[in-house]
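A.B. asks: Generate coordinates for the sequence data below:
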Amino acid sequence: MAMLYGTLTYVLFLGTFLYAIAFVGNLPVPKTIDSGTAGPLVPSLIINALLLGVFAIQHSVMARPAFKRWWTRIVPQSVERTTFVLFASLALLLLYWQWRPMTEIVWSATDPLAAVFLETISWIGWAVVLASTFMINHFELFGLRQVLARLLGRELPPPEFKTPMFYKAVRHPIYLGFLLAFWATPTMTVGHLVFAIATTGYILIGIWLEERDLIALFGDQYRRYRQQVSMLIPLPRHKAKVG
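C.D. replies: The predicted structure follows:
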């Protein structure tokens, strides 16, 4: 049952992730960030802020170690991550469904080459997001490894600190990819700008919370990594301070 639950949730997540690309990029799907008839600005802004807030609160609260310790008294440890992924996917689906378009143009790239360049950057961003998940452990990140271990009766090894590939250049390549995907657009509407600003703010808060948890888990090993590698912008590595 856990394996079935994990597999179905992963399929739901995969569809939600692929729809996110279409939603943000205004690709031909039933609902996108700019599709539909725009309503009054203030009510639309309030509704969109609430939708973004639902996702941010769910994502931040359920990812915290204290919540996980409480939550795993109710749900088995093997499906804790799967349940997190399920709730995150449902929060995103709610956002796609209820998002209110705000279609006033903030900027628009009239040069075809500029438009292609921005679209390319956005696609690169999505590719960085997906590739970065596989550089750590894609299937553990989205709960499949845990339910498979439960099915096979195996114990998962303790968390191991590692910095493969993109993680040698920036500490948070997944977040960097999202920022590229959200901000690089040939036509920036008010609604898209609100989405980009809100998600950027959430990412910065999320990094602060995540790094606090990583320091608690890995201690000086992560502190040295944070001294040496920049957060989001690839920069030359710094030497760790001694003493």
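A.B. asks: buried set for the top helix by length along the chain?
C.D. replies: Secondary structure of the chain per DSSP state H: the longest helix is helix 190-218. Buried positions in helix 190-218, judged by neighbour count with 16 or more other Cβ atoms under 10 Å: 190-196, 198-199, 202-203, 206, 210-211, 214. (Each C-beta comes from the backbone N, C-alpha and C, glycine too.)
A.B. asks: chain center to that helix: distance?
C.D. replies: 9 Å (Cα atoms, centre = their mean, to the nearest Å).
A.B. asks: Could you list every helix and strand that it packs against?
C.D. replies: Secondary-structure packing of helix 190-218 (3 or more Cβ pairs under 8 Å, 6 or more residues apart in numbering; DSSP states H and E): helix 41-62, strand 105-108, helix 173-183, helix 220-228.
A.B. asks: Show me which of the buried residues of helix 190-218 is closest to residue 44.
C.D. replies: The closest of the buried residues of helix 190-218 to residue 44 turns out to be residue 191 (Cβ to Cβ; 7.5 Å).
A.B. asks: how much space between the residue lying closest to the closest one once chain neighbours are set aside and residue 25?
C.D. replies: Distance criterion Cβ to Cβ, 6 or more residues apart in numbering; nearest residue to residue 191, sequence neighbours excluded, is residue 102 at 3.6 Å. Separation of residue 102 from residue 25 (Cβ to Cβ, to the nearest Å): 17 Å.
A.B. asks: Give me the more crowded residue out of these two.
C.D. replies: Remark: of residue 102 and residue 25, residue 102 carries more neighbours, 22 against 18, as counted by other Cβ atoms under 10 Å.
A.B. asks: you'd agree the more buried one is in a strand?
C.D. replies: No: counting by DSSP: H, G, I helix; E, B strand; the rest coil, one finds residue 102 to be coil, located in no strand.
A.B. asks: ok, now how distant is it from residue 227?
C.D. replies: 41 Å.
A.B. asks: and what of residue 81?
C.D. replies: Distance of residue 81 to residue 227, computed by Cβ to Cβ: 29 Å.
A.B. asks: Run through the chain and note the low-pLDDT ranges.
C.D. replies: Filtered on pLDDT under 70, the chain yields the residue ranges 238-243.
A.B. asks: 50 instead?
C.D. replies: 242-243 (pLDDT under 50).
A.B. asks: The residue nearest to residue 191: what's it in contact with?
C.D. replies: The neighbourhood of residue 102, defined by Cβ atoms under 8 Å, 6 or more residues apart in numbering, consists of 38, 41, 44-45, 48, 189-191, 194.
A.B. asks: related to what we said a few turns ago, so for residue 119, which of the helices and strands packed on helix 190-218 sits nearest?
C.D. replies: helix 173-183 (10.6 Å).
A.B. asks: Could you name the helices and strands sitting against the closest one?
C.D. replies: helix 2-25, helix 112-136, helix 190-218.
A.B. asks: CSV for these, including distance to residue 179?
C.D. replies: Shown next, in CSV, are the helices and strands packed on helix 173-183 (distance: least, Cβ to Cβ, whole Å):
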stretch, distance to residue 179
helix 2-25, 12
helix 112-136, 7
helix 190-218, 6
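A.B. asks: Nice, that's everything, thank you.
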